[in-house]
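J.: next input, structure requested:
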Amino acid sequence: MHPYSTPRPSQLAGGPGGDSLPEVPAVSSSSQITPEVIAAIPARYASTRLPGKPLLQLAGRPMIEHVYRRVASARGLARIVVLTDDERIAQAVTAFGGEVELTPECASGTDRIAHAARRWPGAAAVVNVQGDEPLIDPEAVSAIAAHLAAHPEDPMVTLAAPFTASGPGSAPTGGDGGAGGEGAAASLAAELANPNVVKVVVAQDGRALYFSRSAIPYVRQAAAGGGGAAGATQAGAAPLRHLGIYGYQRAALLALADLPPSPLERSEALEQLRALEHGMSIRVLLTAPGLPGVDTREDLERAERLLALGTGH
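T.: Next up is the predicted model:
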C-alpha cells in the first residue's frame, strides 16, 4: 500500500484566486462491486475542541469537502455519504454536490453509522472515514474496502503504521546517535506519551490485542537501560500508531452498536475497545505513516499549510 499521499495543489488549493477543486468523481457503479461497500463519513458540529469542525475553512473550502473528494478517489466503493444531525453541515455537503443523510443526535460516530446502515439492506460492508481527515489518502480507503470485500470472515478492519522520528509523514526513525539521534528519540518519546495519539499492539496473526492512549508496548529492557522510548524499536515489538479509519461488515457494525459501552472503552475513551472487550476481533493492516487528522487548532493550522503548499512534509 502506498503511504498517505501528498496533496496536490490542483486537487486541493481551491478558493478565491486558486485552482478550483475538481468535480466530485463519480463513484464506481455498484454493478461492478461484489459485495457492496459504502463509505460513511460521520460529521458533527459540536466538537469539544473545535466547534463546527467539519465546516472550518481549509484552502477556501470546508473541511468536510476535502474529506469527501479524497474518499471519492478511492476504489471499491458503491457509494459515499456524509452522516450528520446538523442542517448546516448537510447544506454544505449538498452545495458541493455530495450525498448526505440526516440522522438523530448520536453518542458516537459508530452509532451514527449504524443508525444509517439499518436503512441500507443492500450494503455488505461499511468504511468509516472520520470527517476530520482532510488529508486522508484514497489508497487507505481502497485498502479497507478491498479487505472487507475479500474477507467477509473479518468483522472489523483498521490500519496502523510504525511511529516515526518526527511524527506522521516523516522518514522512519533510526539514527546513529549524537544530537540528531537524541532529537529523534525525544520526538518519538513525545509521540508515544501523547494521549491524543492512539497506540495499538497486534498479534502474530494480525489481530489487534489492545488499543491505548498510553505508550504500548512497555519496553522493560529499554527502560532499565535508560533507553526509554528510543529503545522501543530495538528491544522487541515496534510501537504502532493507530490510524482512525475502520471497516465493518454490516452485520458486525449493527451488533457492535447494540452492545453497551464497556469498562475499558470508558477508561480509555476509545470505542474500538468495546469490540475487543466483547470478543469481536479487529484485523489490523499495516501501512506507511500518514498525515494527521485535525483534532486541535494547531492541527488545523498545519493542515492549512500543507494544503497551501501542496506538500506533506
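J.: just checking: what are the partner strands of whichever strand or helix holds Phe211?
T.: For Phe211, the element it lies in under DSSP states H and E is strand 208-212. Strand 208-212 has the following strand partners under DSSP bridges: strand 199-202 (antiparallel).
J.: which secondary structure elements does the lengthiest strand in the chain contact?
T.: Using DSSP state E, we find that the single longest strand of the chain is strand 240-249. Applying 3 or more C-beta pairs under 8 Å, 6 or more residues apart in numbering; DSSP states H and E, one finds that strand 240-249 contacts strand 125-129, helix 138-150, strand 156-162, strand 199-202. Bear in mind the C-beta positions are built from the backbone N, C-alpha and C, glycine included.
J.: centre of the chain versus that strand, how much separation?
T.: 6 Å (C-alpha atoms, centre = their mean, to the nearest Å).
J.: parallel or antiparallel, list what pairs with it.
T.: In the sheet, strand 240-249 lines up against strand 125-129 (antiparallel), strand 156-162 (antiparallel), strand 199-202 (antiparallel) (DSSP bridges).
J.: deepest-packed of those, please.
T.: strand 125-129 (a mean of 27; mean count of other C-beta atoms under 10 Å).
J.: the longest helix in the chain is where?
T.: Secondary structure assigned by DSSP state H gives helix 178-193 as the longest helix of the chain.
J.: show me what it is packed up against.
T.: Helices and strands touching helix 178-193, by 3+ C-beta pairs under 8 Å, 6+ apart: there are none.
J.: burial count for Asp205?
T.: A count of nearby residues for Asp205, using other C-beta atoms under 10 Å, gives 7.
J.: a strand runs through it, doesn't it?
T.: No: according to DSSP: H, G, I helix; E, B strand; the rest coil, Asp205 belongs to no strand; its state is coil.
J.: residue contacts, it?
T.: Residues in contact with Asp205 (C-beta atoms under 8 Å, 6 or more residues apart in numbering): none are found.
J.: again, but for Arg213
T.: Counting by C-beta under 8 Å, 6+ apart, Arg213 touches Pro195, Asn196, Val197, Val198, Lys199, Glu268, Ala269, Leu270.
J.: specify the local secondary structure of the first one.
T.: Reducing the assignment at Pro195 to three states with three-state DSSP gives coil.
J.: what's around it, how many residues?
T.: Quick note: Pro195 (other C-beta under 10 Å) scores 12 neighbours.
J.: could you do the third one as well?
T.: Residues lying near Val197 (other C-beta under 10 Å) number 19.
J.: one more: Glu105?
T.: Neighbours around Glu105, by other C-beta under 10 Å: 10.
J.: pretty sure Asp111 contacts Leu256?
T.: No: using C-beta atoms under 8 Å, Asp111 is not in contact with Leu256; the gap is 9.3 Å.
J.: neighbour count: those two, which is higher?
T.: The neighbour comparison of Asp111 against Leu256 (other C-beta under 10 Å) goes to Leu256, with 21 against 17.
J.: that one contacts Glu277, doesn't it?
T.: No: assessed by C-beta under 8 Å, Leu256 is found out of contact with Glu277, at 11.1 Å.
J.: who touches both of those two?
T.: When C-beta under 8 Å, 6+ apart defines a contact, no residue borders Leu256 and Glu277 alike.
J.: residues contacting the spatially most central residue of the chain?
T.: Geometric centre of the chain, nearest residue: Gly244, 2.9 Å, by C-alpha atoms, centre = their mean. Applying C-beta under 8 Å, 6+ apart to Gly244 gives the contacts Gln130, Glu133, Thr158, Val198, Gly293.
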